[in-house]
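Student: quick one: sequence and predicted model below, then my questions.
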Amino acid sequence: MTYSPSDHQRRIDEIQAAIRAETAPAPKPSLLKPAPKRSPPSTDPLDHHLSEELECIRRRLELLGGVLAGNPLLIQRHATELQSIDLINQVLGHISGIISSEDKALAVEQVTLRELRSRLQRKPLPTL
């Protein structure tokens, strides 16, 4: 035996469906920003080779920083210098990403270090 609603119940279901369709809540806006537009990779093989070399230097510098940071005495005496190694590492990573991008201006826009982004976007100094 299958369920068959009465005409009255069918009418109530139709009315409720219509009300729900009219008052359906609008989708909530996302709390997250949409992902920024990314530049396609550069088509120049030299750009990729340069980027790879910078990444290699960055990894070696990161290993060096890790070794130095493992020494409590060095941390106590040279904390600022160790932070400089980390900053240099970040700058190298951003420059590597810019070099490997086809749209370098867009890649510069996405640099998260404000000071570096400002330096890269400034007008060139006049030549003497």
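Tutor: Structure received. Note that the coordinates shown come from a computational prediction; the quantities given were computed from them, not determined experimentally.
Student: and for Thr43, the neighbour number?
Tutor: 8 (other Cβ atoms under 10 Å). For glycine as for every other residue, the C-beta is placed from the backbone atoms N, C-alpha and C.
Student: so what touches stretch 7-16?
Tutor: Residues outside stretch 7-16 that contact it (Cβ atoms under 8 Å, 6 or more residues apart in numbering): Pro5.
Student: dump it to CSV, restricted to CA.
Tutor: Output in CSV follows, covering the C-alpha atoms of stretch 7-16 (Å, rounded to 0.1, in the frame of the first residue of the first chain):
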residue,chain,number,x,y,z
ASP,A,7,-6.5,16.7,-1.6
HIS,A,8,-6.5,19.0,1.5
GLN,A,9,-3.0,17.9,2.5
ARG,A,10,-1.7,18.2,-1.1
ARG,A,11,-2.9,21.8,-1.2
ILE,A,12,-1.3,22.6,2.2
ASP,A,13,2.0,21.1,0.9
GLU,A,14,1.8,23.3,-2.3
ILE,A,15,1.2,26.4,-0.2
GLN,A,16,4.1,25.7,2.1
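Student: pLDDT (mean, whole number) over that stretch?
Tutor: Here stretch 7-16 scores 90 as its mean pLDDT.
Student: just the buried residues of it, please?
Tutor: By 16 or more other Cβ atoms under 10 Å, stretch 7-16 has no buried positions at all.
Student: just stretch 26-45 next, same as before
Tutor: Those would be 39, 42, for stretch 26-45 by 16+ other Cβ under 10 Å.
Student: residues in contact with the spatially closest residue to Gly93 that is not a sequence neighbour?
Tutor: Excluding its sequence neighbours, the residue lying closest to Gly93 (Cβ to Cβ, 6 or more residues apart in numbering) is Arg58, at 5.7 Å. Residues in contact with Arg58 (Cβ under 8 Å, 6+ apart) are 89, 92-93, 96.
Student: for Ser96, see how far away Arg58 is.
Tutor: Distance, Arg58 to Ser96, using Cβ to Cβ, to the nearest Å: 7 Å.
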